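K.L.:
This is a predicted model, with the sequence first.
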Amino acid sequence: MDKLKTYGDIYDEVFLEKFGEYRRDVEIEELEKEFEVDVEKIAKLCEIRIKRDILNVSGSCVNSHSSTNKEKSEHNNDLYIGTIYVNILDPEVRQRFTIAHEIGHILLGHEGVSHRDTSYTVYKGIIERMNEVSANGFAAELLMPEILLREALLDTMTELDYNAEGKFSESDIDYIAVNTANKMNVSLESFKYRLKNLNIFR
């Protein structure tokens, strides 16, 4: 990589707007790894703390617009507002997605305590389910912005000697996806879901 990319280079205008008052700090920050978004650095830029512990869910966060990071939650005295709690027993890629997901909850203004679970059946109300879907969408875009994802795919195809204009079998796509997901430090499942949403490889 000749010149370090900034987050402003890889996120579109609509997504950058979601950072609100932190937008400028985020967009001028440089990526330290060619294809990997540093979610912990982004959390720090947005004044969000991360705490790792053994949890019975993948992660949680506490959010309230009227409170500061140092204030305890009215819902739970052990949880601090503006803090993401991550399960240290989860694999690294899962922890990264959890952090990105919980950053989404905070920046999108989802009030209260949020618990990330892989099954939507635990979310009782329609608003809670909608918030989970939008936080997942935010996380996918944060970790795998289309510009960066396409560059990582091209890099992988060049390394593996694939012709980008050629036809790909399902096994070709799986092989390319595994290698590119590793390069972006995301799970294969979330990477393939993002590919589908972006209509790549149709």
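P.N.:
Nice, thanks for sending it over. Numbers count the residues shown, from 1 in each chain.
K.L.:
May I have the secondary structure class of I84?
P.N.:
strand (DSSP: H, G, I helix; E, B strand; the rest coil).
K.L.:
What is the neighbour count of it?
P.N.:
By other CB atoms under 10 Å, the residues close to I84 number 27. Backbone N, C-alpha and C define where each C-beta goes, glycine included.
K.L.:
which residues does it bridge with?
P.N.:
Per DSSP bridges, the residues bridged to I84 are I50, C61.
K.L.:
State whether it and K51 are indeed in contact, as I suppose.
P.N.:
Yes - here I84 reaches K51: they are 7.2 Å apart, a contact under CB atoms under 8 Å.
K.L.:
How about the contacts made by the nearest residue to L31 once chain neighbours are set aside?
P.N.:
In space, and not counting its chain neighbours, L31 is closest to K5: 5.0 Å by CB to CB, 6 or more residues apart in numbering. Residues in contact with K5 (CB atoms under 8 Å, 6 or more residues apart in numbering) are 30-31, 34, 148.
K.L.:
switch the cut-off to 10 Å
P.N.:
Shown in contact with K5 (CB atoms under 10 Å, 6 or more residues apart in numbering): 30-31, 34-35, 147-148, 151.
K.L.:
So in this protein, where's the weakest helix or strand by average pLDDT?
P.N.:
strand 112-116 (a mean of 58; mean pLDDT, DSSP states H and E).
K.L.:
continuing past it, what's the next helix or strand?
P.N.:
Downstream of strand 112-116, the first helix or strand assigned by DSSP states H and E is helix 126-143.
K.L.:
Done for today, thanks.
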